[in-house]
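Peer 1: Predicted structure and sequence below. I'll ask about it afterward.
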Amino acid sequence: MTDASPAITPTGQPWPHPRQRAWIEVCEAAVQANARSLCRSLAPGCSLMAVVKADGYGHGAVPVARAAAAGGASCFGVATLQEGLELRQAGLRQPVLVLGNLTQPDELRTCLHWQLMPTLSSMREALLCQNLAAGSGRAMAVQLKLDTGMARLGAPWQEGPRLVEAITALEAVTLAGVYSHLADADAPGPGLDPLTQQQQQRFEAVLTALQEGGLAGGCRHLANSAATLRTPRLHYDMVRVGLALYGHRPAQHLGGDLPLQPAMQVRARVSLIREVPAGVGVSYGHRFTTQRPSRLAVVSIGYADGVPRLLSNRLEVLHHGRRIPQVGAITMDQLVLDATDAPELEQGAVVTLLGRDGDARIEPLAWSDPCGTIPWEILCGFKHRLPRLPVQGPGS
Ligand SMILES: Cc1ncc(COP(=O)(O)O)c(C=O)c1O
């Protein structure tokens, strides 16, 4: 979890206070509860991988991983070697799969040393692992990724059976899993979309060939959040869940029956209140002009913290459950609210940009839609300048 390291003032007080300017509250209990709900919804025998890459989707990888494990997750997915090391150095011992492609001997040697499982997309990396592991006298667990229609990482699915056979024959390498990734599992509509159907058919063809060839291949997995919420037919031995673990549904039509609790609240303080007449242009480029005598509230958070500038004049914040509109261009470190209809908002007050405030709530989708992006990018976009603070519940 990233936190601004407090300096000490001449009077001996730690500074800055983490709630002095803007911050993110992370409810680890929500992550734990989400993991538990997800585990209950899985097909029999299926386990949960908590995807904690990108610093746990901006929540802080280590606390999120701990909370997910407490809720029943049996292993973790990360994108980079560094992310895997962070979990190991924090003392987490569960299996960790590195989802990104590691190609250099040094990277694979580090995997071996820290018992992180690399994803293999070709025989080249498998042979590197064999050489490294044989030289060290330790077996190395790896997983094979197959491209069934995403055209990103993975060996062509048609090569799956041949590769499984060749990797299984490597003495010092243990094939712990075979997996693929879906390109469009959150497509609208009640049934499986044609692309997901095709990807599943290809995956099944590989699994059938493995069975016929008497090859084990280890844990079989295909599903991200959307596929996990869509149907147990996509669950296999394990699901790899990111977004839903943090309390968000990948699409409106998925997971409505699962109680998911958003784990992140983004809050900031009002640093100044100003009374201005009608006709005053606000912020860079005067993209908003007051139409009436107005009460403007300056809030100390901006695009350098992860609030997209594209939301200028479209953002709302919450204060005691009431929605207050943001006006003018969002700037690097600050933004302005039109608090004319919120006379109770005062200097030093805390507003909620994302998450819950009383009964009201703002979801990442409310930001991602107008920006033409997706909730994943919003969550990962919060910068380290915002301290991540653990809280008991969303309102605490
Ligand atoms: C290979 C892989 N599996 C699983 C996930 C988790 O996806 P989601 O956050 O949609 O659950 C990701 C995330 O991008 C991924 O890259």
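Peer 2: Cool, got the structure.
Peer 1: from here on, contacts and neighbour counts on C-alpha atoms
Peer 2: Will do.
Peer 1: does the ligand sit close to stretch 127-145?
Peer 2: No. Between stretch 127-145 and the ligand, judged by C-alpha under 6 Å from any ligand atom, nothing touches; the nearest distance is 9.0 Å.
Peer 1: Dihedrals phi and psi, V350?
Peer 2: phi -100, psi 130 (degrees, to the nearest 10).
Peer 1: Doesn't G177 belong to a helix?
Peer 2: No. Assigned with DSSP: H, G, I helix; E, B strand; the rest coil, G177 falls outside any helix and is strand.
Peer 1: So for it, what's the pLDDT?
Peer 2: Here, the pLDDT recorded for G177 equals 98.
Peer 1: so what's V350 up against?
Peer 2: For V350, the contacting residues are 267-270, 319, by C-alpha atoms under 8 Å, 6 or more residues apart in numbering.
Peer 1: any idea how far F288 lies from the ligand?
Peer 2: Distance, F288 to the ligand, by C-alpha to the nearest ligand atom, to the nearest Å: 36 Å.
Peer 1: tell me the pLDDT at the residue nearest the centre of the chain?
Peer 2: Centroid check for the chain by C-alpha atoms, centre = their mean gives Y57 as the closest residue, at 2.6 Å. pLDDT for Y57: 98.
Peer 1: thought L353 was touching H319?
Peer 2: No. Under the criterion of C-alpha atoms under 8 Å, L353 makes no contact with H319, lying 9.2 Å away.
Peer 1: Compare neighbour counts for the two and give me the winner.
Peer 2: A direct count of neighbours by other C-alpha atoms under 10 Å for L353 and H319 places L353 higher, at 25 against 18.
Peer 1: what's the helix or strand for the more buried one?
Peer 2: Here L353 sits within strand 350-357, counting by DSSP states H and E.
Peer 1: Now do that strand, average pLDDT.
Peer 2: 97.
Peer 1: same deal with stretch 383-393?
Peer 2: For stretch 383-393, mean pLDDT is 92.
Peer 1: Let's have the contacts of V350 in a markdown table, adding secondary structure.
Peer 2: Conversion of the contacts of V350 to a markdown table gives the following (three-state DSSP):
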| residue | secondary structure |
| --- | --- |
| R267 | strand |
| A268 | strand |
| R269 | strand |
| V270 | strand |
| H319 | strand |
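Peer 1: so which of the residues you listed comes closest to the ligand?
Peer 2: R267 (23.3 Å; C-alpha to the nearest ligand atom).
Peer 1: Now do the same contact list for the closest one.
Peer 2: 22-25, 350-354.
Peer 1: Show me what it is bridged to.
Peer 2: W23, T352 (DSSP bridges).
Peer 1: For the nearest residue to G285 once chain neighbours are set aside, list the residues it contacts.
Peer 2: If the residues on either side of it in the chain are set aside, G285 comes closest to A329, at 7.4 Å by C-alpha to C-alpha, 6 or more residues apart in numbering. Each residue near A329 by C-alpha under 8 Å, 6+ apart is listed here: 282-288, 309, 312-313, 335.
Peer 1: try Q326
Peer 2: Contacts of Q326 by C-alpha under 8 Å, 6+ apart are 312-317, 335-338.
Peer 1: can you pull out the helices in the stretch 1-150 of the chain?
Peer 2: Under the criterion DSSP state H, counting those that start in this stretch, the stretch 1-150 of the chain contains helices at 28-41, 53-57, 61-70, 81-89, 105-114, 123-136.
Peer 1: Isn't P118 up against L99?
Peer 2: Yes. Contact status for P118 versus L99: in contact at 7.1 Å, counting by C-alpha under 8 Å.
Peer 1: between those two, which one's more packed in?
Peer 2: Remark: of P118 and L99, P118 carries more neighbours, 29 against 21, as counted by other C-alpha under 10 Å.
Peer 1: Just list the residues touching that one, thanks.
Peer 2: 97-102, 108, 111, 141-143 are the contacts of P118 under C-alpha under 8 Å, 6+ apart.
Peer 1: would a markdown table of these with pLDDT be doable?
Peer 2: A markdown table is the format used below for the contacts of P118 (pLDDT from 0 to 100):
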| residue | pLDDT |
| --- | --- |
| L97 | 98 |
| V98 | 98 |
| L99 | 98 |
| G100 | 97 |
| N101 | 95 |
| L102 | 96 |
| L108 | 98 |
| C111 | 98 |
| A141 | 98 |
| V142 | 98 |
| Q143 | 98 |
